[in-house]
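*Asks:* Turn this into a structure:
(chains A, B and C)
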Amino acid sequence: MNTTFATILEIVGTLAFAISGIRLAAAKQFDWFGAYAVGLVTAIGGGTLRDVLLNATPFWMINGSYLTVTAIALIFVIIFKQYLVKLENTFFIFDTIGLALFVVVGVEKTLMFGFPFWVAIVMGTITGSVGSIIRDILINEEPLLFRKDIYALACVAGGIMFYLGEKMGFNSITNQSICGISVVAVRLLAVKFHWSLPALKDDTTNPIKD
Amino acid sequence: MNTTFATILEIVGTLAFAISGIRLAAAKQFDWFGAYAVGLVTAIGGGTLRDVLLNATPFWMINGSYLTVTAIALIFVIIFKQYLVKLENTFFIFDTIGLALFVVVGVEKTLMFGFPFWVAIVMGTITGSVGSIIRDILINEEPLLFRKDIYALACVAGGIMFYLGEKMGFNSITNQSICGISVVAVRLLAVKFHWSLPALKDDTTNPIKD
Amino acid sequence: MNTTFATILEIVGTLAFAISGIRLAAAKQFDWFGAYAVGLVTAIGGGTLRDVLLNATPFWMINGSYLTVTAIALIFVIIFKQYLVKLENTFFIFDTIGLALFVVVGVEKTLMFGFPFWVAIVMGTITGSVGSIIRDILINEEPLLFRKDIYALACVAGGIMFYLGEKMGFNSITNQSICGISVVAVRLLAVKFHWSLPALKDDTTNPIKD
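*Replies:* Next up, the predicted model:
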């Protein structure tokens, strides 16, 4: 992938993830610092867990721009909060682009560390989705992700497409593109056609281990 | 320990832990993906934290069977959910076996990394109990473990028995067996005789740091 | 810093952090084990995350005194719980001293690992504040920190003062003192004059990413 283009996408994705965290923190009336912290964790949480599991130095400790982008996101939300509702669709697109890029980065970095492809798919999914899980834990809500599967499943689908591309002998840029486009496509289609996995109901009153 | 036998116990334990997570996720009406994620984290969360603290590659990144076993657990719960209540006792036994094995593995691996015994006992307890703490955080409940001490205390007891066995010069297999049997015994006795630690009450209205 | 003096401050800080965790656990009627676990995580959680991110062996795995101090904190709360309310001010001072020392340790250790100063400031803040965030997650409350910014901002201020001291060519002991005193000063002034950051309100009903 062209480096400048990838950097722009990464900033767009980080910005979208951070804004999502900051806005949910705002709904809980967190103060500026709390909102910044939740935004930052939403943006970098998934990649940080990935790097800890890979035993790599967390990416944001090497490049300060993630902290800066989150600060910009905070200022943006403070100034424009009245107008944000009208931008939902724009945010959704940015967020989906960010998700796609996060998955691509997660899959690639894991392969670079010599792990097999199934680990890379798990890591792509962790990179894309754990940030929003930690966000929901911090604001003390049940992770929405666990009721809205297609978000995480889009990550899994992207990872699998990356794998298939590699199996077919495509080059690296092609595989990255296939992966990213698959994430975007699955998510857009899922939202458009209201795809969702069934909920698992259990009427047992006394779950086992407790 | 005989490797085949240990592997069977490990699968049984992983299955029991995963089922416990999946059933609690079902009670919250998470979808299939959410239930799978909660089940997986319940099964591998403790060992993952242990491995991160030991600076080891997380065990499930080297061996894909944990992801597969969790998938089997999910399918099992989806198909048989009506009948699971009748199996409570079976689950309880499986879960206790799993707990015992997780503690044995946690203690051993920590010793193998050259840490002293008190660290190994802490790691055995983390391996056995942190999965269910993360599970409860994900479903947004107070960790039940913190009100049902004997679960974690059984891990501590097992670790101490391992230590005493080593002090007495027993061989490795004997110490593992003593440790595992102690975990099972303490937990069964605690449930049978309703052992529990006192709750700590504090009527202070204005706790210090907040 | 004089080693004996630093050790005394570290014990005081650990004790204060552990007591804060134990008391909040008591308010939720956790049992003794649960209270111990919450106290321990409050005291060592921030430093543990710092060490994992730095890829260092977590500090408490090398020195058992943190587990012992937490046990002393538990016994203290069990015996004296009726009288603790009257000690609020003492606790507050201890807690603030602990916070200051944790920030100093966090900044120094990060610099020792060769990271730039902005990473050290983040790590100082993580060392000082993440323990109480995990504490609040475990007792299933929204992290208070996110509404009481000055706590975390005091860490940031201390880190920045350390940086300025280094820029001015002061020696290590001076910088540590400047950092620690800044943390204490900002926190005391913030409490005395009710400083706080504005809360971020967002009346949007449909936050973006969910």
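
*Asks:* I'd assumed residue A:14 was in contact with residue A:70.
*Replies:* Yes. With contact defined as C-beta atoms under 8 Å, residue A:70 reaches residue A:14; the gap is 7.3 Å. C-beta coordinates here come from the backbone N, C-alpha and C atoms, glycine included.

*Asks:* tell me, what's touching those two both at once?
*Replies:* residue A:43 (C-beta atoms under 8 Å, 6 or more residues apart in numbering or on different chains).

*Asks:* Residue of chain A closest to chain B, please.
*Replies:* For chain A, the residue closest to chain B is residue A:146, as judged by C-beta to the nearest C-beta, at 2.6 Å.

*Asks:* Spit out the contact partners of that residue.
*Replies:* So residue A:146 contacts B:25, B:28, B:30-31, B:33-35, B:37-38, B:138 (C-beta under 8 Å, 6+ apart).

*Asks:* Next: residue A:18.
*Replies:* Residues near residue A:18 by C-beta under 8 Å, 6+ apart: A:39-40, A:42-43, A:69-70, A:73-74.

*Asks:* Could you do residue A:21 as well?
*Replies:* Going by C-beta under 8 Å, 6+ apart, residue A:21 touches A:35, A:38-43, A:131-132, A:135.

*Asks:* isn't there a helix covering it?
*Replies:* Yes. According to DSSP: H, G, I helix; E, B strand; the rest coil, residue A:21 belongs to a helix.

*Asks:* From residue C:81, how far off is the nearest residue to residue A:54 once chain neighbours are set aside?
*Replies:* Nearest residue to residue A:54, sequence neighbours excluded (C-beta to C-beta, 6 or more residues apart in numbering or on different chains): residue A:113, at 5.1 Å. Shown here: residue A:113 relative to residue C:81, a distance of 50 Å by C-beta to C-beta, to the nearest Å.

*Asks:* what do you get for residue A:88?
*Replies:* Counting by C-beta to C-beta, the gap from residue A:88 to residue C:81 is 50 Å.

*Asks:* Between these two, which is the more surrounded one?
*Replies:* residue C:81 (17 against 13; other C-beta atoms under 10 Å in any protein chain shown).

*Asks:* Without its sequence neighbours, what residue ends up closest to residue A:6?
*Replies:* residue A:101 (7.3 Å).

*Asks:* doesn't residue A:13 make contact with that neighbour?
*Replies:* Yes. Counting by C-beta under 8 Å, residue A:101 touches residue A:13, with 4.9 Å between them.

*Asks:* Show me which of those two is the more surrounded one.
*Replies:* When neighbours are counted by other C-beta under 10 Å, residue A:101 and residue A:13 differ, and residue A:101 comes out ahead with 26 against 23.

*Asks:* Quick one: residues contacting the more buried one.
*Replies:* Listed by C-beta under 8 Å, 6+ apart, the contact partners of residue A:101 are A:6, A:9-10, A:13, A:180.

*Asks:* Going by distance to residue C:198, which of those wins?
*Replies:* Taking C-beta to C-beta as the measure, residue C:198 lies nearest residue A:13 of the contacts of residue A:101, at 27.8 Å.

*Asks:* In which helix or strand does the residue most central in space within chain A reside?
*Replies:* Chain A has residue A:128 as the residue nearest its centroid, 2.9 Å off, counting by C-alpha atoms, centre = their mean. Taking DSSP states H and E as the definition, residue A:128 sits inside helix A:117-138.
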